[in-house]
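> Pasting the sequence and the predicted model now:
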Amino acid sequence: MRVTPDQIIAMKQRGERIPMLTAYDYAMAAILDAAGIPMLLVGDSLGMVMLGYETTLPVTLDDIIHHTRAVVRGAKRALIVADMPFMSFQISREIALQSAGRLMKEGGAQAVKLEGGRRVAESIHAIVEAGIPVMGHLGMTPQSVNVFGGFKVQGRTEAAARAMIEDALALEQAGVFAIVLELVPTPLAALITQRISVPTIGIGAGPYCDGEVQVIHDLLGLFPDFTPRHTRRFAEVGKEIQDAVQSYIAEVRARTFPTEKQGSTMDMAIIERLRQEFF
């Protein structure tokens, strides 16, 4: 049985921390699921780590659907949350509802995530009323990177902090089952976590949120030359892959791989007849 949004909420009520990671393909989803991760996000961050874009803005709804299908096939237990990409929900409540429906029906997601506070609360309410679980996202919302002037911490002034608390309350009222807090000052994230009844999932928001989400590529060191401040490498898989490929190149060139062990046999009498016929 898959983890459900209700079970995620119950984890907060028990005081149990909630780990979450991104996944974008079948193989990685299967590995993370087998490790016991309760929740996977098919984030629009795939635009940067999988497709090579500089921001998340070029990612399309079809992109998210494509990758969500793969993740759903790979993970059998984790709750799969699919991101609603730029312009898939901002235009109108009707378009937001349609986009969320496609992520569920075509992608196979069990929940969707969208960025914003009070301005999207009406759309969130409509999506929830349609039977689709929604995760909110406040703070540094990457789809608004051009408005923020870069990837910067949000909510440091009194006015901005008050607005974020009001946004969190509006999302809770609209029916979200959790809220991502990205690049939010630690004390403010702690205050929001205490104030609302649904779990907060931090990223660059300190240790006091109910859970944490990270991009799997960052945790595994798949981009050896870059580590965001808000993460920590738990492995150096990128370096290991590079070393493995260099060893492969060397062995192929040295004719030490493949060997007879990597081949198969057949009746040599057939080979001899073919040799006589064609040589």
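Looks like it came in fine.

> A82 against E106, yeah?
No. Taking contact to mean C-beta atoms under 8 Å, the distance of 10.1 Å between A82 and E106 leaves them out of contact. For every residue, glycine as well, the C-beta is placed using N, CA and C.

> Find residues that contact each of those two.
I65 (C-beta atoms under 8 Å, 6 or more residues apart in numbering).

> if you count what's nearby, which of the two comes out ahead?
For A82 against E106, the residue with the higher neighbour count under other C-beta atoms under 10 Å is A82, and the figures read 31 against 15.

> Now name the helix or strand holding that one.
Assigned by DSSP states H and E, A82 belongs to strand 79-83.

> And the helix or strand following that strand, how far out from the chain middle?
Helices and strands here follow DSSP H and E; after strand 79-83, the next one along the chain is helix 93-105. Mean C-alpha position of helix 93-105 versus that of the full chain (C-alpha atoms, centre = their mean, to the nearest Å) differs by 19 Å.

> In terms of secondary structure, what does helix 93-105 contact?
Based on contacts counted as 3 or more C-beta pairs under 8 Å, 6 or more residues apart in numbering; DSSP states H and E, the elements that helix 93-105 packs against are helix 61-74, strand 111-113, helix 118-129.

> At which residues are the helices of the stretch 101-250 of the chain located?
Here the stretch 101-250 of the chain has its helices, by DSSP state H, counting those that start in this stretch, at 118-129, 145-148, 158-174, 186-195, 216-219, 237-254.

> The fifth one: how far from the chain's middle?
The chain centre lies 10 Å from the centre of helix 216-219; the measure is C-alpha atoms, centre = their mean.

> What are the phi and psi values at the closest residue to A82 other than its chain neighbours?
Spatial nearest neighbour of A82, chain neighbours left out: A109 (3.7 Å); criterion: C-beta to C-beta, 6 or more residues apart in numbering. Note on A109: backbone dihedrals following degrees, to the nearest 10 are phi -70, psi 160.

> Distance check, A109 against V81.
7 Å (C-beta to C-beta, to the nearest Å).

> any common contacting residues for the two?
Shared contacts of A109 and V81, counting by C-beta under 8 Å, 6+ apart, come down to V42.

> For this protein, name the helix or strand with the lowest mean pLDDT.
Lowest on mean pLDDT, DSSP states H and E among the helices and strands of the chain sits helix 145-148, with a mean of 70.

> Just name the most buried of the helices and strands packed on helix 93-105.
strand 111-113 (a mean of 26; mean count of other C-beta atoms under 10 Å).

> tell me what that strand is packed against?
Short answer (3+ C-beta pairs under 8 Å, 6+ apart): strand 111-113 packs on strand 79-83, helix 93-105, strand 134-139.

> Which strands and helices lie in contact with the last one?
So the one you mean is strand 134-139. strand 111-113, helix 118-129, helix 158-174, strand 178-182.

> Make JSON lines out of those and add distance to L219.
JSON lines is the format used below for the helices and strands packed on strand 134-139 (distance: least, C-beta to C-beta, whole Å):
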{"stretch": "strand 111-113", "distance to L219": "19"}
{"stretch": "helix 118-129", "distance to L219": "29"}
{"stretch": "helix 158-174", "distance to L219": "26"}
{"stretch": "strand 178-182", "distance to L219": "16"}
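
> low pLDDT regions in the stretch 1-150 of the chain?
Per-residue confidence of the stretch 1-150 of the chain (counting by pLDDT under 70) places the weak regions at 146, 148.

> can you rerun that using 80?
Residues of the stretch 1-150 of the chain that meet the criterion pLDDT under 80 lie in 142, 144-150.
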